[in-house]
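J.: pasting the sequence and the predicted coordinates here, then a few questions.
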Amino acid sequence: MLAGGLSQRFGADKAEALYRGRPLIDWSIDALTPYCETIFVSGRRHRDHASVLDRPHSGFGPLGGIAGALFAAREFGCRHLLSIPCDTPEVPASLLRQFVESEKPVYAAACPVIGLWPVALAEALEQHLAEEGPRAVRHWAAIAGIDAVESPPILNVNTMADLQQLGGGDIPALGQGAS
């Protein structure tokens, strides 16, 4: 689960922002739980799940989080990593089930950080990040030969307005640790 970042557009720690009474991060953890034996939280500490650092270091956005999680997943003996960001509380379970059941590396066209990535790509992704060039998930996926899968629209909460559009959102006080 990708939970790093600066939350600059949001203005507060969006992983801890409440949606229907629960932190956004908990919605994403719950979405992963039926499909993952181990959940890695990239970019922050979590009380119940293993935290992983971005690779090769912080500052590479979602790809750095995916790279760190790929290395951690490989150490745990996993073949694939199912990734979602902490700010998408309405990820369709059917989409995640489709990814896991197919075991084919893919990502969601509507939200490219939602994907199933083979851990065998850990070094290739880290090498890609060490080189100059685009840091977009779609760009890297194209290089790695990973296809996009059409999916329903998935709201990614980037701003307070996005959370309010979902309804039931409670904004954390400004000044809390943004991530």
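T.: In hand now; what should we look at? Numbers count the residues shown, from 1 in each chain.

J.: only C-alpha atoms for contact and neighbour calcs from this point on.
T.: Noted.

J.: please work out the average pLDDT along the helix or strand hosting residue 162.
T.: Assigned by DSSP states H and E, residue 162 belongs to helix 160-166. When pLDDT is averaged along helix 160-166, the result is 81.

J.: stretch 68-78 too?
T.: Mean per-residue pLDDT for stretch 68-78: 96.

J.: ok, now stretch 106-114?
T.: Per-residue pLDDT values across stretch 106-114 average out to 96.

J.: next: stretch 55-62.
T.: Taken as a whole, stretch 55-62 has an average pLDDT of 91.

J.: which residues in this protein form helices?
T.: With DSSP state H applied, the chain shows helices at 24-32, 61-75, 93-102, 122-130, 137-144, 160-166, listed in chain order.

J.: how about the longest one: buried residues?
T.: Counting neighbours by 16 or more other Cα atoms under 10 Å, one finds that the buried residues in helix 61-75 are 61-74.

J.: what do you get for the third one?
T.: By neighbour count, and taking 16+ other Cα under 10 Å as the criterion, the buried residues in helix 93-102 are 95, 96, 99, 100.

J.: among the residues you listed, which one sits closest to residue 130?
T.: Set against residue 130, the nearest of these by Cα to Cα is residue 99 (28.2 Å).

J.: centroid-nearest residue for the chain?
T.: Relative to the mean C-alpha position of the chain, the nearest C-alpha, by Cα atoms, centre = their mean, is the one of residue 85, at 2.8 Å.

J.: surely that one and residue 114 touch.
T.: Yes. The pair residue 85 and residue 114 passes the contact test of Cα atoms under 8 Å, sitting 7.0 Å apart.
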